[in-house]
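[1] here's my sequence, what's the structure:
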Amino acid sequence: MTQFSGITDQQPEILVIGAGIIGISAAIELQARGARVTVVDRTAVAAEASRGNAGAFAFSDATPLASPGIMRKAPKWMLDPLGPLSIPLPYLPRIAPWLYRFWRASSPDRVQAGIAALVALMHLSKERLFPFMERSGTHDLLRHHGNLQLFESRKKFDETLPSWQARADHGVKFTHLYGPEEIAGHQPGLDPRFIAATYTADWYGIADPREYTEALARYFESCGGVIRIAEGRALEADATSASLVLTDGTKLTADHIVVAAGAWSHQLSRTMGDHIPLETERGYNTTLPVGAFDLKRQLSFEEHGFVVTPLASGIRVGGSVELGGLKAPPNFRRADVLLAKAKAFLPDLKTEGGTQWMGFRPSLPDSLPVIGHSARSDRVTYAFGHGHLGLTQSAGTAALVAEVVFGGKSSIDMTPYRSNRF
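    So this is what the prediction gives:
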């Protein structure tokens, strides 16, 4: 491992590629250990998935997307271009190898291993989040409203019970609710079609994910950190340093590089010879104005693949999974469908005046991020592929990145997140 502790005449220099929630959080942790850190991003702070996500710290959400239940539903969903999970037909040949890995990851033994790895990262992330927010002066942005996962079908609800039991075995707490009246006690105003639900109190939110990431960036800069807008096209590394080659030919060299560039990360890892099967889940949402509904907590409509979230900036209705890469234009009909469903489920929801958005979630077939050294060099560390859970896992990932870079003992077993596991 790269050891910086022996440097006495200067601070180690570290480049972090990516100014989203993972990159900025990791930069703060590295800075706290005495490093001089520069964050490099091709556009701006919180310009991609960290700008428009659902704003939830979903610590109880520890079931991999690849699971036997999803595999049973996926063929039907994929036939609907506006359904919860879709793949544009022209993109299907390109994504076929990823889908094969996704299918393999859905076997029962791999799902159980995935749950254990997700829970470990969730526990660490929750443990590290509160002191991280206190240190960075962002604790006032935290919300504690819980999540209500809703079902119209008792059969569909019952199908989730084994996964909840698996999470309970790892210490995840929840409460099952039965009937519209019991559900209404947690969220009034729902259509009575919902006959079962699961409430997880251990579910936090943020006032606004963009505001939180930008506040962390300001804190990072106030402590001496540098944020530079530039686009990298290649990584290089030798025994003593690592370099990022920019698109204009400039080379930035440091003691260590951390790649946290979200859905673009695999383009850089490939230049190191690491072929990591990162795919892009294109997520859609509409943010309605403040006052659109009296929303007590996040609502998850499990059978329809979307959530409704209370934010300081309004009510955000979003979700779905469109596996369509980085280049295709947005299909905002998907956002329209989600908003229409939300109106049906919440009859008093005011749907006027909303702002639509589409973002790229970086997703790996087994729903686990890559956290750890490049297989080619211990001067390059990867921290990407968090899918829907980048905000949730940000504080834990930042702590692990610092441990990897500085060669300390890891807080959890890092084997499930290694870059060469595929």
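
[2] what is the burial count for residue 250?
    Using other CB atoms under 10 Å, residue 250 has 10 other residues around it. All C-beta spots, glycine's among them, are computed from the backbone N, C-alpha and C.

[3] same question for residue 312.
    Neighbours of residue 312 (other CB under 10 Å): 13.

[4] just checking, it touches residue 210?
    No - applying CB atoms under 8 Å as the test, residue 312 and residue 210 come out as separate, 10.5 Å apart.

[5] helices of the stretch 51-200 of the chain, start to end?
    68-78, 92-105, 108-136, 154-168, 180-184 (DSSP state H, counting those that start in this stretch).

[6] just give me the lowest mean pLDDT stretch among these.
    In terms of mean pLDDT, the lowest-scoring of the helices of the stretch 51-200 of the chain is helix 68-78 (a mean of 67).

[7] what about this structure, any weak spots by pLDDT?
    For the chain, residues meeting the criterion pLDDT under 70 lie at 1-10, 69, 71-81.

[8] picking up where we left off before, buried deepest among the helices of the stretch 51-200 of the chain, which one?
    Most buried of these, by mean neighbour count (mean count of other CB atoms under 10 Å): helix 108-136, with a mean of 18.

[9] just checking, what packs against that helix?
    helix 21-32, strand 56-57, helix 92-105, helix 154-168, helix 209-222, helix 394-406 (3 or more CB pairs under 8 Å, 6 or more residues apart in numbering; DSSP states H and E).

[10] what's the closest of those to residue 317?
    strand 56-57 (13.5 Å; CB to CB).

[11] what about the helices in the stretch 251-400 of the chain?
    Listed in chain order, the helices of the stretch 251-400 of the chain (DSSP H, counting those that start in this stretch) span 265-269, 333-345, 394-406.

[12] buried stuff in stretch 18-37?
    18-31, 33, 35-37 (16 or more other CB atoms under 10 Å).

[13] which stretches in the stretch 201-350 of the chain count as strands?
    Using DSSP state E, counting those that start in this stretch, the strands found in the stretch 201-350 of the chain span residues 204-206, 226-229, 232-237, 242-246, 251-254, 256-259, 279-288, 298-301, 306-311, 314-323.

[14] residue 393: which of these is closest?
    strand 204-206 (12.9 Å).

[15] so what touches the closest one?
    55-57, 59, 129, 141-145, 212, 298, 309-311, 391 (CB atoms under 8 Å, 6 or more residues apart in numbering).

[16] what is the burial count for residue 169?
    Counted with other CB under 10 Å, residues neighbouring residue 169 total 12.
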